[in-house]
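Novice: No sequence on hand, only this structure:
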Ligand SMILES: Cc1cc2nc3c(=O)[nH]c(=O)nc-3n(C[C@H](O)[C@H](O)[C@H](O)COP(=O)(O)OP(=O)(O)OC[C@H]3O[C@@H](n4cnc5c(N)ncnc54)[C@H](O)[C@@H]3O)c2cc1C
């Protein structure tokens, strides 16, 4: 009779990950792929298993995407990879010296390594009436379902904030037949991310599709009757009538656990390029991390990005260190946004002063805007040009010096432009 020894249980102190969304899930997955074999506990305060957030402001609101397609991983993924996913559990305090974490039900978890993947939460609007019924935030699946439900009985919506989420919500609500007004306090849309040429293009695109934009105006109060919002009052005294309000005024990173444990924070948890924080054994990944990107044009740059790419690539880098095979992310940040029928894809981070080169015709809603710094391609914004987005990512990563006339000339295939050698 042959006998197989039962596999020995790994009794190492676990990797505990707080936050079961993109960064937390990717960290667990990459750690396993790289051979990390200690137990992994993935804690999430939301009641749902990890799910995709981008559709919450896009297909889920228009009705094109259904809730049952949102799972981030297949049903067997967590058990197959020995990842102990625990939803509906919130971490409330951290003792980094003792390597323990306390949960909201009073339990205490001991960890070998801890990952803070706590993401970010919506900023609140500091005016009276912000707590009226009919005023919505959008970060979670439950938030999105609430907005979708409210739309059933609302015909006029006011979106406060003309950033990516606000503009996506505006397009989705307009597609559902609502009369939509967007209020933005800056003089132009997405002023932090886009040069005036792109902001103005987007403003035109939204107005053409029936979205009313009020730019350069702050909100003084939300008012209503019977505790339900009816007006957005602006700083010039004018009022916008509405049945619902959606706030898209940015997020604040969830740093409380780190801060309370004395871990260095400044607009997020400060980490190196491998996600390591100032406390031994504690890493931070995703929207909550203010991290170092080693391969930015001009040298290593610290920044807190809010994107799926940054969450996934940051988690992969942190997992590589956990598995003893350190490999910082050396690619180009990228992001996308869907508004009306426009697929915006962004690679790299342009800065004021970069030379902008247009390829294609903005009027046709198919074009790319490239950004050169000292003759080197550093960023590209593409609208309905997915192939150009993909090629520009490669050219940017290779720090390619390009004659702007080649970029401008739509008959020149971007693939034919030789990449600089790294
Ligand atoms: C509506 C919407 C649309 C978006 N669209 C795009 C897009 O098109 N493209 C793109 O690149 N990005 C998009 N983003 C941004 C993207 O979703 C985020 O960058 C990404 O979710 C960040 O992942 P994360 O894991 O770092 O944090 P999060 O996704 O914020 O997850 C953090 C998780 O941690 C949990 N948590 C926090 N504190 C605790 C605690 N103490 N205990 C237990 N759990 C805790 C939270 O409940 C949350 O589930 C969008 C975001 C939203 C909200």
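Specialist: Yep, it's here. Remember, predicted model here, so these are calculated numbers, not experimental data. Numbers count the residues shown, from 1 in each chain.
Novice: Contacts only, for the residue in the stretch 1-150 of the chain positioned nearest to the ligand.
Specialist: When scored by CB to the nearest ligand atom, the stretch 1-150 of the chain has residue 119 as its residue closest to the ligand, at 2.1 Å. In short, each C-beta sits where N, CA and C put it, glycine included. Residue 119 is in contact with 19, 21, 23, 253, 254, 286, 287, 288, counting by CB atoms under 8 Å, 6 or more residues apart in numbering.
Novice: Switch these over to JSON lines, and while doing so, append secondary structure, distance to the ligand and pLDDT to every line.
Specialist: Listed next are the contacts of residue 119 as JSON lines, based on DSSP: H, G, I helix; E, B strand; the rest coil; distance: CB to the nearest ligand atom, whole Å; pLDDT from 0 to 100:
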{"residue": "19", "secondary structure": "coil", "distance to the ligand": "3", "pLDDT": "98"}
{"residue": "21", "secondary structure": "coil", "distance to the ligand": "3", "pLDDT": "98"}
{"residue": "23", "secondary structure": "helix", "distance to the ligand": "4", "pLDDT": "98"}
{"residue": "253", "secondary structure": "strand", "distance to the ligand": "9", "pLDDT": "98"}
{"residue": "254", "secondary structure": "coil", "distance to the ligand": "5", "pLDDT": "98"}
{"residue": "286", "secondary structure": "helix", "distance to the ligand": "2", "pLDDT": "98"}
{"residue": "287", "secondary structure": "helix", "distance to the ligand": "4", "pLDDT": "98"}
{"residue": "288", "secondary structure": "helix", "distance to the ligand": "6", "pLDDT": "98"}
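Novice: ok, and the most crowded of the residues you listed?
Specialist: residue 286 (36 neighbours; other CB atoms under 10 Å).
Novice: Look up how far residue 223 lies from the closest residue to it other than its chain neighbours.
Specialist: Once flanking residues are discounted, residue 286 sits nearest to residue 23: 2.7 Å by CB to CB, 6 or more residues apart in numbering. Applying CB to CB, to the nearest Å, the value for residue 23 to residue 223 is 39 Å.
Novice: Over to residue 373?
Specialist: On the measure of CB to CB, residue 373 and residue 223 end up 47 Å apart.
Novice: swap in residue 27?
Specialist: 45 Å.
Novice: Neighbour count for those two, which is higher?
Specialist: Per other CB under 10 Å, whichever of residue 27 and residue 223 has more neighbours is residue 27, with 32 against 15.
Novice: nearest spatial neighbour of residue 146, skipping sequence neighbours?
Specialist: residue 136 (5.9 Å).
Novice: count of neighbours near the residue nearest to residue 266 when sequence neighbours are not counted?
Specialist: Of all residues not flanking residue 266 in the chain, residue 290 sits nearest, at 6.3 Å (CB to CB, 6+ apart). By the criterion of other CB under 10 Å, residue 290 has 20 neighbours.
Novice: repeat for the one 5 residues further on
Specialist: A count of neighbours around residue 295, defined by other CB under 10 Å, yields 17.
Novice: Looks to me like residue 92 is in a strand.
Specialist: Yes. Remark: residue 92 belongs to a strand, assigned using DSSP: H, G, I helix; E, B strand; the rest coil.
Novice: hang on, isn't it packed against residue 103?
Specialist: Yes. Using CB atoms under 8 Å, residue 92 is in contact with residue 103, at 6.5 Å.
Novice: neighbour-wise, which of the two wins?
Specialist: Ranked by neighbour count (other CB under 10 Å), residue 92 and residue 103 place residue 103 first, with 17 against 14.
Novice: Get me the contact residues on the stretch 101-250 of the chain for the ligand.
Specialist: 117, 118, 119, 120, 138, 139, 165 (CB under 6 Å from any ligand atom).
Novice: now do the stretch 301-422 of the chain
Specialist: So the stretch 301-422 of the chain meets the ligand at 306, 307, 308, 309, 311, 335, 336, 337 (CB under 6 Å from any ligand atom).
Novice: Which of those fall in helices?
Specialist: Secondary structure from DSSP state H places 308, 309, 311 of those in helices.
Novice: Most neighbours out of those, which is it?
Specialist: For those, neighbours were counted using other CB under 10 Å, and residue 311 has the most, 27 neighbours in all.
Novice: isn't that residue right next to residue 288, touching?
Specialist: No. Checked against CB under 8 Å, the pair residue 311 and residue 288 is beyond contact range at 9.5 Å.
Novice: what sits in contact with each of those two?
Specialist: Residues touching both residue 311 and residue 288 (CB under 8 Å, 6+ apart) are 23, 117.
Novice: Just the helices from this structure, written as ranges.
Specialist: Secondary structure of the chain (DSSP H): helices located at 22-33, 59-62, 77-80, 141-151, 164-175, 196-208, 256-260, 308-322, 386-397, 404-408.
Novice: May I see the ones you listed organised as TSV, with distance to residue 282 added?
Specialist: Putting these into TSV (distance: least, CB to CB, whole Å) gives the following:
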stretch	distance to residue 282
helix 22-33	13
helix 59-62	34
helix 77-80	23
helix 141-151	28
helix 164-175	29
helix 196-208	39
helix 256-260	8
helix 308-322	11
helix 386-397	30
helix 404-408	44
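Novice: of all the ones you listed, which lies closest to residue 183?
Specialist: Closest to residue 183 of the helices of the chain is helix 164-175 (CB to CB; 8.9 Å).
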